[in-house]
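Asker: Structural data only, the sequence is not supplied:
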C-alpha cells in the first residue's frame, strides 16, 4: 500500500516593491516646493520678462514709442556691426583665456602632484588668485601692475634698463598699447588656479597600479604622460574647458574696469556691449535680445559640461 505524501511547501514568492502612488510622491516633494518656487521666481520669471522685452522696440528716451516688433531685435543682434565685433572679441578672449589657463593649470597640477617640502603652502598660494573678487583683481592689475607711472611692469623694466647702465627705461602704457592681452593676462591669472584644481583632482585619481606597471616596463616619463596620463585627463580637461568657457564668456568686470571696451572697441565683449546698449543707448529691446542670445549660448555649453560631469561620475562608480 502506497501512501500519498503532500508535496513540499514552497516559499511564497517575494513581494514586489510597491511603487509609490502619485499622492505619496507629491507628499515627498512638498518640502521642496518652497525652494522650487523661490528658484522659479528668482531665475525663470526674469528670463521670461527678458524674452518679452526682446520683442519690443523700447527706448526710454522715447517713452511713447514702445511697440511690438517680433524678432526684429534678434535680426539686429546678428547683423549689427558692433555686436559682430563684440562676438568676435568674446570668442578671442574666451579661447585665449581658457586655452592658456588649461596649459598653465596642467603644468602646475603636475608639479603639485609630486611630494616636496612646502607643498601645502604652495597649493594655498597658487589657489589664492581664484579667491580674489573679480573687480578687486581687475583693479589690482590696472593700477598696481599696468599703470605706466607707478606700475610693477614699468618699474621692473626700468630697473633692468638701469642695471645695464641706462638712465631709465621706456614708459609703456600697457592698457592702451595692448588692450586685449592686458585683459587676457589678468583673467588667466585668476582662472589658472581653477583649472589646476580640476586637473590635480584628475591626476590624483589615476590608478597607481597602471603607473607602477608602466614604470616596471621601462616607460619613460614622456611616454607615460602621453599614453596613460593624458588620456586619463581627457574628461577632466574637457570639464575644465567647458566650465571655464561658461564663466569667461560672461566676463564683464575685467573689461569694464581695465579697458572699458577700448580703445576703439578692441576689447568690447558681449556682456559689455549689452551694458552699453542698455545704459548708454537706452535700447532695452535690443539689449534684452542680445542677453537672450548669450543665455541660450551658455545653456548649450552648460549642457555639454553636465554631460561631461555625468560621464566622470559613471566612470568613478564603475571602478
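Answerer: In hand now; what should we look at? Predicted, not measured: the structure shown is a model, and the values here were computed from it.

Asker: mind listing the strands for the stretch 1-150 of the chain?
Answerer: Taking DSSP state E, counting those that start in this stretch as the test, the strands found in the stretch 1-150 of the chain are 56-57, 67-68.

Asker: among those strands, which is nearest residue 224?
Answerer: strand 56-57 (60.0 Å; Cβ to Cβ). C-beta coordinates here come from the backbone N, C-alpha and C atoms, glycine included.

Asker: same for the closest one, what does it pack against?
Answerer: strand 67-68, helix 72-79, helix 284-318 (3 or more Cβ pairs under 8 Å, 6 or more residues apart in numbering; DSSP states H and E).

Asker: Let me have those in JSON lines, extended by distance to residue 173.
Answerer: Below are the helices and strands packed on strand 56-57 laid out as JSON lines (distance: least, Cβ to Cβ, whole Å):
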{"stretch": "strand 67-68", "distance to residue 173": "46"}
{"stretch": "helix 72-79", "distance to residue 173": "33"}
{"stretch": "helix 284-318", "distance to residue 173": "31"}
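
Asker: Out of the ones you listed, the one nearest residue 111 is which?
Answerer: helix 284-318 (23.1 Å).

Asker: just to revisit the earlier point, out of the strands of the stretch 1-150 of the chain, which one sits most buried?
Answerer: strand 56-57 (a mean of 18; mean count of other Cβ atoms under 10 Å).

Asker: Out of the strands of the stretch 1-150 of the chain, which gets nearest to residue 211?
Answerer: Across the strands of the stretch 1-150 of the chain, closest to residue 211 is strand 56-57 (Cβ to Cβ), at 60.5 Å.

Asker: what's the average pLDDT for the closest one?
Answerer: Averaged across strand 56-57, pLDDT comes to 92.

Asker: Please apply the same query to stretch 63-81.
Answerer: 88.

Asker: which other residues reach it?
Answerer: 54-59, 83-84, 285-286, 288-290, 292-293 (Cβ atoms under 8 Å, 6 or more residues apart in numbering).

Asker: For residue 204, state which of those residues is nearest.
Answerer: For the contacts of stretch 63-81, the nearest to residue 204 is residue 293 (39.0 Å; Cβ to Cβ).

Asker: Return the residues in contact with the closest one.
Answerer: 74, 77, 270.

Asker: now those residues as CSV including neighbour count and distance to residue 189?
Answerer: As requested, these are exported to CSV (neighbours: other Cβ atoms under 10 Å; distance: Cβ to Cβ, whole Å):
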residue, neighbour count, distance to residue 189
74, 19, 36
77, 27, 32
270, 25, 22
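
Asker: Nearest to residue 193, out of these: which one, please.
Answerer: Of those, the one sitting nearest to residue 193 (Cβ to Cβ) turns out to be residue 270, at 25.0 Å.

Asker: residues contacting the residue nearest the centre of the chain?
Answerer: Central residue check for the chain by Cα atoms, centre = their mean: the C-alpha nearest the mean position is that of residue 244, 2.6 Å away. By Cβ under 8 Å, 6+ apart, the contact list for residue 244 reads 97-98, 101-102, 191, 194-195.

Asker: what about the protein, any weak spots by pLDDT?
Answerer: 1-23, 312-319 (pLDDT under 70).

Asker: wait, isn't residue 236 in contact with residue 204?
Answerer: No - using Cβ atoms under 8 Å, residue 236 is not in contact with residue 204; the gap is 10.6 Å.

Asker: more neighbours, these two?
Answerer: residue 236 (22 against 10; other Cβ atoms under 10 Å).

Asker: For residue 223, see how far away that one is.
Answerer: 20 Å (Cβ to Cβ, to the nearest Å).

Asker: ok, now residue 79?
Answerer: From residue 79 to residue 223 the distance is 52 Å (Cβ to Cβ).

Asker: what about the two, which has more around it?
Answerer: Neighbour tally, residue 79 and residue 223, criterion other Cβ under 10 Å: the higher count belongs to residue 223, 12 against 9.

Asker: which residue packs closest to that one, ignoring adjacent ones?
Answerer: Once flanking residues are discounted, residue 223 sits nearest to residue 214: 7.7 Å by Cβ to Cβ, 6 or more residues apart in numbering.

Asker: Nothing else from me, thank you.
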